[in-house]
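A.B. asks: fold the following, please.
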Amino acid sequence: MAHSQVVRVYSTYQDPDHECPWQSLAPRGSNGSGVVTGPGEILTGAHVIANATFVQVQKPSDPTKVVARVTSVSHDADLALLRVDDPAFTRGMRAVQIGDLPHLRDEVQVVGYPIGGEEVSITEGVVSRIEVQRYEHSQRHLLAVTVDAAINSGNSGGPVFAGRKVVGIAIQSMPDAENIGDMVPATIIKRFLAAARRGEDRVEVPGFGFTTQPLENPALRRHLGMTGRDSGVLITAVQYGSSAWGTLQVGDVLLEVDGMRVANNGTVQYRDRFRCQFDVAVSDHSIGDTLRARILRDRKRIAVKFEARPMCWLVPRIEFEQLPTWFLFGGLVFQRLTAELLRVWGDNWWDKAPKELLHLYSSGVRRADRQEIIVLAHVLADAVNVGYEPFVNDVVVEVNGTGPANMAEFVRLLEAAQGDVSIRLSSGAIVLLPAVDAWAANARIAARYQLPGDRSRDLPAARRTARTRKRK
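C.D. replies: Down below sits the predicted model:
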C-alpha cells in the first residue's frame, strides 16, 4: 500500500526563556510527520509545531519544500492542523479517511519520517493497550492507544493505519522500553478536525477539574453510607473555575459518569470493551457539552449535570505560543508559576526543583482567592534590594496584608501601595521596599540588565497614580 499522503513537516521554533522571561531562546529546527486529510490540509502533532515561527512540508520523493501555516491546534490532545496555500501540493492526492477506535490485537502500520533516513518509513505492530495515558506534551490524562510498532523521533505527528484508514496519530514512545508507543485515537482526531474546520484556532479538551481517592477500603465505604451495590471514588478537591466547580463538592462520592459505573478503583468499562480510568469520559466531549454524573452526597443519591469547561490548574501545564508572565519591582522579578518555569531545573526537574513548587504543581488546589502562584524568581542586584537574594524561589503570600489571587491583582496591589511595601513570602520572610524607591529604581535596573520594561505585555499597563508617586 502506497502512502503518498504522508508528508514530512519541518518546523523552525523559538521557545520563550523562562529563566529570563523578558527574552526568547535562539531559534531551533525540528522535523516530524503529517498526513493529508483534505485539499491543502495536513494533520500533525501539536508538539511538532509548538512555538513555531516557520513551517514547511515536503511530499515523498520530492525535494521541494512548501510553506505551510498552522490554522488550528489542540495542545491538550497533541494535534495540529496545517494549511498549504499552494493548491498544487495536494493536487491528485486522495485524503485519508479517519477510522474508529481499533480493537486489541488489531494490526497497524506506523508511517512517517523517523531519524536515520530521508524516505518514508513503515513499521508494523499490533494494538496492545487502550486506556487513559498521560500525554507528555500537555500532561493531560486522556484516552490513548498503545502499539508495539516502533515510534521514533521524527515519527511524531505521522499517521497510524489499520488497513486503509487512519486510526491514530503517533505522539510519543516510552523511553525505557522497546517498541511501546502511544497514538491519539481516531475518536479524538475526529472531534478535533470537526472543531478545526468550524474555524476554531484553539481546540481544548474539557477536564473534570476534581481529584479523587479510591474507595477500595470497606470501612471507608460504610462510613460514607455506601451499600454493597455501590461503587465509586471520593472527591477530595474541586478546582475553582473547572467543569465540576459549583456542582460537585468535597466529600461527594462519584458513582457514575457519562452513563458508566465507576468502580472503587476509579475505572469504568468504556464502550463495553475497555477498562479505563473514569477520566476517559472527557475524551468524548467538547467544551460546552453537558456532562452527567450520579453522586452520593450525605447518603443520598443525586443525578447532576454540569457544563464541560477547559481544564483549570493552579499551576498551568500548557504554555505554548505565549510569553511568560513577569513583573519587575525594585529589581525583584516576580513570575507566575507554570510547568515551563519548573523545567528550568532541567530534564529531572521533578527531582531538582524546590519541593514547595513541586507540591503546588502536583497537589495545589485552585481557589477563588488563589488562582495563580506568584514566585520571586530573581533578584537583580541593586542598592534598593540588598539582602533579599536568599529568598529567590519563595512564593508570595501577601502584599501589605492582602493575599493576591493572581498576578494581575498582585500588580494592582503594588501600584496602589504608598509608603513601605511589605511582601510576605511562604518561608515566613518579609521583603520590604519603600514604594517610591522601588519605582525609581526600576528604570536604572531595567537599563542595567537589559529588560524591555517593568512587565510582560499581558499585564495591565502601568497606572498613572503609580507613576505620579514615583516622580514626587
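
A.B. asks: give the contact list for the spatially most central residue of the chain.
C.D. replies: Taking CA atoms, centre = their mean, the centroid of the chain lies closest to I318, which sits 2.9 Å from it. Counting by CB atoms under 8 Å, 6 or more residues apart in numbering, I318 makes contact with 75-76, 138-139, 339. Every residue, glycine included, has its C-beta placed from N, CA and C.

A.B. asks: is it possible to mark the buried ones in those?
C.D. replies: 75-76, 138, 339 (16 or more other CB atoms under 10 Å).

A.B. asks: turn the contacts of I318 into TSV, columns for pLDDT.
C.D. replies: Formatted as TSV, the contacts of I318 follow (pLDDT from 0 to 100):
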residue	pLDDT
H75	97
D76	97
S138	95
Q139	93
A339	95
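
A.B. asks: domains of this structure: list them as residue ranges, please.
C.D. replies: In terms of domains, the chain is parsed into 104-187, 210-307, 326-471 (source: automatic domain parsing).

A.B. asks: winner for burial among those?
C.D. replies: domain 104-187 (a mean of 20; mean count of other CB atoms under 10 Å).

A.B. asks: any weak-confidence spans in the stretch 301-450 of the chain?
C.D. replies: Across the stretch 301-450 of the chain, nothing is flagged by pLDDT under 70.

A.B. asks: where do the helices of it begin and end?
C.D. replies: Using DSSP state H, counting those that start in this stretch, the helices of the stretch 301-450 of the chain run over residues 339-342, 349-352, 355-363, 407-416, 435-448.

A.B. asks: quick check: neighbours of the longest strand along the chain in the sheet, parallel or antiparallel?
C.D. replies: When the chain is scanned for its longest strand (criterion: DSSP state E), the result is strand 121-134. Strand pairing for strand 121-134, determined by DSSP bridges: strand 107-112 (antiparallel), strand 141-147 (antiparallel).

A.B. asks: what ranges in the stretch 51-200 of the chain fall below the confidence cut-off?
C.D. replies: Scanning the stretch 51-200 of the chain for pLDDT under 70 picks out 176-177.

A.B. asks: the strands in it, which residues?
C.D. replies: Here the stretch 51-200 of the chain has its strands, by DSSP state E, counting those that start in this stretch, at 52-58, 65-74, 79-83, 97-98, 107-112, 121-134, 141-147, 159-162, 165-173, 181-185.

A.B. asks: export the helices of the stretch 301-450 of the chain to JSON lines and tack on distance to V108?
C.D. replies: Listed next are those as JSON lines, based on distance: least, CB to CB, whole Å:
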{"stretch": "helix 339-342", "distance to V108": "31"}
{"stretch": "helix 349-352", "distance to V108": "32"}
{"stretch": "helix 355-363", "distance to V108": "34"}
{"stretch": "helix 407-416", "distance to V108": "45"}
{"stretch": "helix 435-448", "distance to V108": "55"}
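
A.B. asks: so for G157, which of those sits nearest?
C.D. replies: helix 339-342 (21.2 Å; CB to CB).

A.B. asks: phi and psi next, for R222.
C.D. replies: Per-residue torsions, R222: phi -60, psi -40 (degrees, to the nearest 10).

A.B. asks: which residues does it contact?
C.D. replies: Counting by CB under 8 Å, 6+ apart, R222 has no contacts.

A.B. asks: could you do I295 as well?
C.D. replies: 232, 235, 248, 252-255, 301-302, 304.

A.B. asks: let's have these in a markdown table, adding distance to S422.
C.D. replies: Converted to a markdown table, the contacts of I295 look like this (distance: CB to CB, whole Å):
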| residue | distance to S422 |
| --- | --- |
| G232 | 47 |
| I235 | 38 |
| L248 | 38 |
| D252 | 40 |
| V253 | 44 |
| L254 | 43 |
| L255 | 49 |
| R301 | 51 |
| I302 | 46 |
| V304 | 44 |
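
A.B. asks: can you tell which of the helices of the stretch 301-450 of the chain is closest to D100?
C.D. replies: helix 339-342 (32.7 Å).

A.B. asks: fine by me, we can end here.
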